[in-house]
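Asker: got a structure for you, letters missing:
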């Protein structure tokens, strides 16, 4: 008897050792490449720190960087633009939901379409940015050539009018991300039990009613995942505006917070200020994500009750 | 009823086919434009009137493409293989080993996803510079070696479909966890591991922001950075065919790999995605 319990205890110790052995390297990675840098960013944001210097010798300036930042119109502009780009998230969700339901009807050709729609997801943002930059050229660009052919008299000046530039980025982001959301929605739809639909059919519910009352609510976890990853990705928007508009765009209309952060840190070497911007970005992402988790958690609770 | 279904099928097919044109058109346009002479870019028509290969000769002459591709392979193949195995091990532990504080550790790891790279890139730059690693391949390799949290998340999900009895049986047979991992778990998750590994590889292949910060000298730059520089230069005098030749260089390898693994990738993205 005693032997048995000690053997059990022995196995439990062994489980702990093996468990931590397997997860040790990712934890080290998290500490070295995420947590320590995060603490450094927080500290650095309270200092006047020229990038080339040692951070330990940087002068403590309290909230100065934050005050400067909140008084910098360009910072607010960049933040506004970054949020504006997130309009792409709901557009992408609606489109991908439509396409996913059309690609999940059990026909033979669906697999081919899934592969086609997923293609932009795996392609290089650098390559794609240059393609879009040229396709949306105001004069002689393919897009406007087609719009003219369709009878639209004054197609927009996509590349030079500040009211349209952001839409080039949004269209590109939606186009590039659509395949991913479609595949995840299809996976979600296949996870919904047939019985719900059969019951709805017996009750004589219309296709649209079923879609609204069964499909959409049961796809909530996928939608939640897509919104969270969309926000985290959208907050980091950098490459697309940088390469499509070769800088900040007309009247800084495509300028983003990460470009602001990058320029201040790596071009003007104001790493303390850059860190303050980085923190605001991190806090925004964290708050929105945490809020999403809170809402999601409450809904699950409600559904279980 | 059946006729109505057939009509709907045809309509859906047409709708999806039109969408496919939009999804693929930019790539087709890119390929044909890269073969046009500079003077012809404003002429109507998708196909080049004369096929001109000079843009490719130009890019080949102007940037060290071979070096760029070798650098990119160095940054995206060995680190991703090692990192994928590390992630698989961690996923196995989170799914099948009962150790103290498991859920807390998992949540802490997951919270790392919420930290956007731009928020930590300044200190990373400083840390790499302290260890004299700037302008070397290490900043592009080291962070990948410690695994990928998203991959751990997906593989853990995948492993939760493997019955515990398989593990218990192996335990009774006297297997230790490492043997279990490489004899039983690894073969079981190979399809998912490969697919997510390929996705991660493609992501590393396409990486742009990190190398622009950590590597300024051309000899260690990945091909994305080289091509971006090339394209930015020709954007100024609107030499569109050269820009598109640059984009072709970046896309073709990825498209070939995607072509080989497409079924696999899409199936395992679907299978390991958010389920519950």
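Answerer: Yep, that arrived. What you are looking at is a predicted structure, and each value in this text was computed from that prediction instead of being measured.

Asker: in three-state terms, label residue A:274 for me.
Answerer: helix (DSSP: H, G, I helix; E, B strand; the rest coil).

Asker: can you pull the contacts of the nearest residue to it once chain neighbours are set aside?
Answerer: Closest residue to residue A:274 apart from its sequence neighbours, by Cβ to Cβ, 6 or more residues apart in numbering or on different chains: residue A:265 at 3.2 Å. Using the backbone N, CA and C atoms, a C-beta is placed for each residue, glycine as well. The contact partners of residue A:265, by Cβ atoms under 8 Å, 6 or more residues apart in numbering or on different chains, come to A:51, A:271, A:273, A:274, A:275, B:122.

Asker: make it 7 Å
Answerer: A:51, A:271, A:274, B:122 (Cβ atoms under 7 Å, 6 or more residues apart in numbering or on different chains).

Asker: and residue B:118, which of the three is it?
Answerer: helix.

Asker: the closest residue to it other than its chain neighbours: which element?
Answerer: Counting by Cβ to Cβ, 6+ apart, residue A:258 is the residue found nearest to residue B:118 once chain neighbours are left out, at 4.6 Å. Here residue A:258, judged by DSSP states H and E, is contained in helix A:257-262.

Asker: give the other helices and strands that that helix contacts.
Answerer: Contact here means 3 or more Cβ pairs under 7 Å, 6 or more residues apart in numbering or on different chains; DSSP states H and E; on that basis helix A:257-262 packs against helix A:73-85, helix A:271-304.

Asker: for the helix or strand following the shortest one, give the mean pLDDT please.
Answerer: Spelled out, it's helix A:73-85. Note on helix A:73-85: by DSSP H and E, the next helix or strand toward the C-terminus is helix A:88-102. For helix A:88-102, mean pLDDT is 96.

Asker: cool, and stretch A:264-277?
Answerer: Average pLDDT, stretch A:264-277: 95.

Asker: try stretch B:18-25
Answerer: Stretch B:18-25 carries an average pLDDT of 96.

Asker: ok, stretch A:287-296 next?
Answerer: 83.

Asker: picking up where we left off before, quick one: contacts for the residue nearest to residue B:118?
Answerer: A:236, A:237, A:238, B:118.

Asker: top of the residues you listed by neighbour count?
Answerer: Neighbour counts for these (other Cβ atoms under 10 Å in any protein chain shown) peak at residue B:118, which has 26 neighbours.

Asker: what's the distance between that one and residue A:236?
Answerer: Distance of residue B:118 to residue A:236, given as Cβ to Cβ, to the nearest Å: 6 Å.

Asker: same deal with residue B:186?
Answerer: Residue B:186 sits 33 Å away from residue A:236, going by Cβ to Cβ.

Asker: next up, the contacts around residue B:88.
Answerer: Listed by Cβ under 7 Å, 6+ apart, the contact set of residue B:88 reads B:155, B:186, B:189, B:193.

Asker: need the next SSE after whatever helix or strand it lives in, C-terminal direction.
Answerer: Applying DSSP H and E as the criterion places residue B:88 in helix B:78-96. Sequence order places helix B:102-111 as the next helix or strand after helix B:78-96, per DSSP H and E.

Asker: which secondary structure elements does that next one sit against?
Answerer: Counting by 3+ Cβ pairs under 7 Å, 6+ apart, helix B:102-111 packs on helix A:2-30, helix B:149-159.
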